[in-house]
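Enquirer: Can you look at this prediction? I've put the sequence above it.
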Amino acid sequence: MPQRPPLVKGVVVEPLPNGVYRVELENGAKILAHVADRAGTHFTRLLAGDKVGVELASHDRSRGRIREIWR
């Protein structure tokens, strides 16, 4: 079974349409991310300033999946 990529900490900068968010990572890079199914089952809409854990896509480092939400 393949291992999951490590989480990268980030902050939501801007909510975009269709459940996509612009997230600034701790290294300063900005990516587009959507909420993973596990984290999205009980979530309300994320707002700018919310801290999140992002799993980066292996094929495109400008995209990711929000796996954890810290408020």
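Expert: Okay, I see it.
Enquirer: For D37, give me its contacts.
Expert: Contacts for D37 (C-beta atoms under 8 Å, 6 or more residues apart in numbering) come out as none. Bear in mind the C-beta positions are built from the backbone N, C-alpha and C, glycine included.
Enquirer: Give me the distance between it and V12.
Expert: According to C-beta to C-beta, to the nearest Å, D37 stands 18 Å off from V12.
Enquirer: And H59, by the same measure?
Expert: 23 Å.
Enquirer: Those two: which is more packed in?
Expert: V12 (20 against 6; other C-beta atoms under 10 Å).
Enquirer: Against M1, how distant is the more buried one?
Expert: 30 Å.
Enquirer: Please apply the same query to V35.
Expert: 23 Å.
Enquirer: The two: who's more crowded?
Expert: Between V35 and M1, V35 has the larger neighbour count (other C-beta under 10 Å), namely 19 against 3.
Enquirer: What strand or helix carries the closest residue to the more buried one other than its chain neighbours?
Expert: Nearest residue to V35, sequence neighbours excluded (C-beta to C-beta, 6 or more residues apart in numbering): I66, at 4.8 Å. According to DSSP states H and E, I66 maps onto strand 63-70.
Enquirer: C-alpha coordinates for that strand, PDB please?
Expert: Extracted as PDB, the C-alpha positions of strand 63-70 are listed here (Å, rounded to 0.1, in the frame of the first residue of the first chain):
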ATOM      1  CA  ARG A  63      -2.300  21.800  -6.700                       C
ATOM      2  CA  GLY A  64      -3.200  20.100  -3.500                       C
ATOM      3  CA  ARG A  65      -5.800  18.500  -1.200                       C
ATOM      4  CA  ILE A  66      -6.800  20.000   2.200                       C
ATOM      5  CA  ARG A  67      -6.700  17.000   4.600                       C
ATOM      6  CA  GLU A  68      -6.800  18.800   8.000                       C
ATOM      7  CA  ILE A  69      -8.400  22.000   9.200                       C
ATOM      8  CA  TRP A  70      -7.100  23.800  12.300                       C
END
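Enquirer: ok, and for stretch 1-12, which residues are buried?
Expert: L7, V8, G10, V12 (16 or more other C-beta atoms under 10 Å).
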